[in-house]
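>>> Fold the following and give me the result.
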Amino acid sequence: QFERQDTIREGEGVHWELDQQSHPRVLAQIDGAYILCQKDGNLIFIDQHAAHERILFERYKREYENQTDTSEKLLLPILIELSVEESYILESAGEALKRVGFDIESVGEKLFAIRSVPAFVNPRDAKEAARKILDELSFQEGKSKGIEEIVQTILITLACHSAIRGNFPLKREEMDRLVADLAIFHT
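The predicted model follows:
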């Protein structure tokens, strides 16, 4: 005669404090994609890619807003060939790209030279990052956007591109750092 019925339901959300003792305690990583934490008797599942993307976006946004050395000039330009559509998007988003720290100029009919990248972008990833940005801006083409909205799209794309992926095993220290960094931006 068991009358009690326990149900599992979505909670109202957990309020995180900046106090070090209040950070959720990391229990495990699940499927290389989620971090399982415990706080105040609650279990919390954190998507590691989404969490890292949020942390990076907030960091990039802060650097952009503070205008801290946003650009790193490259010793040798990186050449990238673009389609007509990509060239058009590059031209229309040129000012926003410059504000973020990219300097990309035409050196031929379809050939462009990446001369500088944002300080938070690894120069080895510059070509792929530029392509991802152009793809995202192409996807949003036709929607009326101001320069600050375009900058935000660029920062979001860079954060997503740079964030750790799912199915990527993390060490305990990396999970702890990720959860602690996320708590700072979640308040």
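>>> Every contact and neighbour count from this point should use C-alpha atoms.
OK.
>>> where do the helices sit along this protein?
48-65, 84-92, 94-100, 126-139, 147-162, 172-186 (DSSP state H).
>>> taking the mean pLDDT, what do you get for the fifth one?
On average, the pLDDT along helix 147-162 is 93.
>>> Repeat that for the longest one.
In this model, helix 48-65 has an average pLDDT of 93.
>>> distance of the residue most central in space within the chain from Val100?
Geometric centre of the chain, nearest residue: Ala159, 1.8 Å, by C-alpha atoms, centre = their mean. Counting by C-alpha to C-alpha, to the nearest Å, the gap from Ala159 to Val100 is 13 Å.
>>> right, and the helices of the chain - which one's nearest Ser106?
helix 84-92 (8.9 Å; C-alpha to C-alpha).
>>> In contact with Val100, which residues?
By C-alpha atoms under 8 Å, 6 or more residues apart in numbering, Val100 lies in contact with 64, 70-71, 118, 151, 154-155.
>>> What pLDDT is listed against it?
For Val100, pLDDT reads 93.
>>> Against Glu174, how distant is it?
On the measure of C-alpha to C-alpha, Val100 and Glu174 end up 28 Å apart.
>>> Redo the helices of the chain as a markdown table? Include distance to Ile35.
Below are these laid out as a markdown table (distance: least, C-alpha to C-alpha, whole Å):
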| stretch | distance to Ile35 |
| --- | --- |
| helix 48-65 | 6 |
| helix 84-92 | 37 |
| helix 94-100 | 31 |
| helix 126-139 | 27 |
| helix 147-162 | 18 |
| helix 172-186 | 7 |
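>>> My read is that Thr157 contacts Lys132, right?
Yes - using C-alpha atoms under 8 Å, Thr157 is in contact with Lys132, at 6.9 Å.
>>> quick one: which of those two has more around it?
Neighbours per residue (other C-alpha atoms under 10 Å) separate Thr157 from Lys132, with Thr157 holding more: 22 against 17.
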